[in-house]
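1. sequence? don't have it. structure:
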């Protein structure tokens, strides 16, 4: 359990770093359209440290994802906005794709090093698969 707490702290550091990187560069209208992955025709991938973080922060069971819509999008608003995943922090409908890609690669390197430090398998998994696997356990 202590290792998970340290992982959560490290993920928080990555998220703070991300917020600094996107500050004044990205503006989200918070329309919630991108949370409907099927309709928006995109996929969101998350890492194993992010799932550990989400589980710790929510303090409740992970919701399964059915139908291609993020289960934390309720009435077009993100219920976990403060604890949202890296992809949710970086991706914006009208964002600079090259900037987003470079930032995503840098963030993934940080998550890989968290896995190495804490001997956690590095997983880069589709959000639906990750949520459904966690919800089933």
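-> Looks like it came in fine. As the structure is a prediction and not an experimental result, all values here were calculated from the model.

2. what's the offset of stretch 52-59 from the middle of its chain?
-> 12 Å (Cα atoms, centre = their mean, to the nearest Å).

3. and that stretch, which residues are buried?
-> Of all the residues in stretch 52-59, those buried under the rule 16 or more other Cβ atoms under 10 Å are 52, 53, 54, 56. No exception for glycine: its C-beta is placed from N, CA and C like everyone else's.

4. Name the nearest residue to residue 56, sequence neighbours excluded.
-> residue 8 (4.7 Å; Cβ to Cβ, 6 or more residues apart in numbering).

5. now do residue 136
-> Leaving out its chain neighbours, the residue that sits closest to residue 136 by Cβ to Cβ, 6+ apart is residue 64, at 7.4 Å.

6. Which parts of the protein are helices?
-> 2-22, 37-40, 48-58, 86-90, 97-118, 127-136 (DSSP state H).

7. which residue is nearest the centroid of this protein?
-> Taking Cα atoms, centre = their mean, the centroid of the chain lies closest to residue 85, which sits 1.5 Å from it.

8. separation between the closest residue to that one other than its chain neighbours and residue 94?
-> Closest residue to residue 85 in three dimensions, ignoring its sequence neighbours and counting by Cβ to Cβ, 6+ apart: residue 46, at 4.9 Å. Taking Cβ to Cβ, to the nearest Å as the measure, residue 46 falls 23 Å from residue 94.

9. ok, the two, which is more surrounded?
-> residue 46 (22 against 8; other Cβ atoms under 10 Å).

10. May I have the residues that are in contact with the more buried one?
-> Residue 46 makes contact with 85, 86, 87, 124, 125, 127, 130 under the criterion Cβ atoms under 8 Å, 6 or more residues apart in numbering.

11. in this protein, what spans have low per-residue confidence?
-> By pLDDT under 70, the low-scoring segments of the chain are 1.

12. mind running it again at 90?
-> 1-4, 22-43, 58-62, 66-68, 75-78, 81, 90-97, 100, 133-137 (pLDDT under 90).

13. who are the neighbours in contact with the residue nearest to the centre of the chain?
-> Residue 85 neighbours (Cβ under 8 Å, 6+ apart): 44, 46, 50, 54, 127.

14. Ok, residue 35 next?
-> Counting by Cβ under 8 Å, 6+ apart, residue 35 touches 69, 70, 72, 73, 76, 78.
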